[in-house]
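Q: below are the sequence and a predicted model for it; my questions follow.
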Amino acid sequence: MHTMERFCTCFYRPFLSSSDNHERWMRGGALGTSARAANVWRKKLEEYEQPPLDDAIRAELEDFVGRRRTELGD
């Protein structure tokens with residue numbers, strides 16, 4: 001295994017924290033961890049595509065949920 005391959009599999013770059021110096025961080029918008037996390041979930045939500053589901057399975061699930069709601073008093 002090459003050194004670069006080991007680096008890529010042994011280490012990761014955190015996506016919520018920043019290793020930029022203060023000046024670069026300020027130029028980049030000075031986003032804190034909460035703002036970065038909010039950007040990540042918004043982007044993931046925008047990119048989400050519901051996977052295909054067989055109509056028969058969907059009908060069974062809807063029937064099950066309906067029965068459980070009735071049983072649980074929802």
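A: That came through, no problem. Numbering: from 1, shown residues only.
Q: any idea which helix or strand comes after the helix or strand where residue 26 lies?
A: Assigned by DSSP states H and E, residue 26 falls within helix 22-27. Sequence-wise, the next helix or strand downstream of helix 22-27 (DSSP H and E) is helix 33-47.
Q: contacts for the helix holding residue 26 next, please.
A: Residues outside helix 22-27 that contact it (Cβ atoms under 8 Å, 6 or more residues apart in numbering): residue 18. Heads up, the C-betas are built off the backbone N, CA and C, glycines and all.
Q: and with 10 Å instead?
A: 18-20, 30-32 (Cβ atoms under 10 Å, 6 or more residues apart in numbering).
Q: just among those, which is most surrounded?
A: residue 18 (16 neighbours; other Cβ atoms under 10 Å).
Q: thinking again about what came up before, can you list the contacts of helix 22-27 in CSV and add pLDDT?
A: Output for these, formatted as CSV (pLDDT from 0 to 100):
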residue, pLDDT
18, 82
19, 83
20, 87
30, 92
31, 91
32, 91
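Q: ok, so of these, who is nearest residue 74?
A: Of all the contacts of helix 22-27, residue 32 has the smallest distance to residue 74: 38.7 Å, by Cβ to Cβ.
Q: contact partners for the closest one?
A: Residue 32 neighbours (Cβ under 10 Å, 6+ apart): 16-18, 25, 38.
Q: buried among the residues you listed? Make that a PyMOL selection.
A: Provided next is the PyMOL selection string for whichever of these are buried by 16 or more other Cβ atoms under 10 Å:
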select buried, resi 18
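Q: the contacts of residue 32: which two are farthest apart?
A: 25 and 38 (17.0 Å).
Q: let's have the contacts of helix 22-27 in JSON lines, adding distance to residue 48.
A: Below are those laid out as JSON lines (distance: Cβ to Cβ, whole Å):
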{"residue": "18", "distance to residue 48": "26"}
{"residue": "19", "distance to residue 48": "29"}
{"residue": "20", "distance to residue 48": "29"}
{"residue": "30", "distance to residue 48": "28"}
{"residue": "31", "distance to residue 48": "22"}
{"residue": "32", "distance to residue 48": "25"}
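Q: of all those, which comes closest to residue 55?
A: Comparing these against residue 55 with Cβ to Cβ places residue 31 closest, at 43.4 Å.
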